[in-house]
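Asks: have a look at this fold, sequence not included:
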């Protein structure tokens, strides 16, 4: 039986430099992908926060009308009336990466009942990974206002109704 030996001198495989270049390119691609993914998640959280605020405003009107137009509801009161789901349990619920703060202003002799609603991104270790914009809505204008750097107020620009 004749065994032929193959000459493997020309086929050495990847050199260390080629392997390092391939790993570097893969690392760059992963870095770009992660950055894009985070931006997409932030954008989705912001869209969800705006949608939630509009939904809460509609639920507030239902609450107001069902309570003889005398008061708006807190999250707990609206939860009792099945107007919001259990994601809004607590005084400052976190939904889709945003902290919702609802302040109900009771009716008085000088002013009608009202409310304000803020949605602010969660901040962990000084970094907001869940969104960059802060939102505000009130019963008077029913318009969402936005601020990039701090909790929004009625004097901030509107994003439309």
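Replies: Cool, got the structure. Source: prediction; values computed, not measured. Numbering: from 1, shown residues only.
Asks: what segments of this structure are helices?
Replies: 16-66, 75-80 (DSSP state H).
Asks: any weak-confidence spans in this protein?
Replies: Counting by pLDDT under 70, the low-confidence segments of the chain come to 1-12, 126-128, 160-161.
Asks: list the contacts for the residue nearest the centre of the chain?
Replies: Centroid check for the chain by Cα atoms, centre = their mean gives residue 45 as the closest residue, at 2.8 Å. Contacts for residue 45 (Cβ atoms under 8 Å, 6 or more residues apart in numbering) come out as 96-98, 121, 130-131. Where you see a C-beta, it was placed from the backbone N, CA and C, and this is true even at glycine.
Asks: residue 111 is nearest to which of the helices of the chain?
Replies: helix 16-66 (14.5 Å; Cβ to Cβ).
Asks: tell me how far the closest one lies from the chain's centre.
Replies: Its chain's C-alpha centre and that of helix 16-66 lie 8 Å apart, by Cα atoms, centre = their mean, to the nearest Å.
Asks: cool, and stretch 141-149?
Replies: Using Cα atoms, centre = their mean, the offset of stretch 141-149 from its chain centre is 14 Å.
Asks: run a quick neighbour tally on residue 158.
Replies: For residue 158, the neighbour count with other Cβ atoms under 10 Å is 14.
Asks: tell me what it is bridged to.
Replies: Taking DSSP bridges as the rule, residue 158 bridges to residue 145.
Asks: my read is that it contacts residue 143, right?
Replies: Yes - using Cβ atoms under 8 Å, residue 158 is in contact with residue 143, at 4.8 Å.
Asks: distance of residue 62 from residue 89?
Replies: Residue 62 sits 19 Å away from residue 89, going by Cβ to Cβ, to the nearest Å.
Asks: also residue 32?
Replies: Distance from residue 32 to residue 89, by Cβ to Cβ: 39 Å.
Asks: next: residue 56.
Replies: With distances taken as Cβ to Cβ, residue 56 is found 14 Å from residue 89.
Asks: when those two are compared, which one has more neighbours?
Replies: Looking at residue 56 and residue 89 with other Cβ under 10 Å, you find the greater number of neighbours at residue 56, namely 23 against 11.
Asks: for the more buried one, which non-adjacent residue is spatially closest?
Replies: Excluding its sequence neighbours, the residue lying closest to residue 56 (Cβ to Cβ, 6 or more residues apart in numbering) is residue 117, at 6.0 Å.
Asks: the one you found contacts residue 100, doesn't it?
Replies: Yes - using Cβ under 8 Å, residue 117 is in contact with residue 100, at 6.8 Å.
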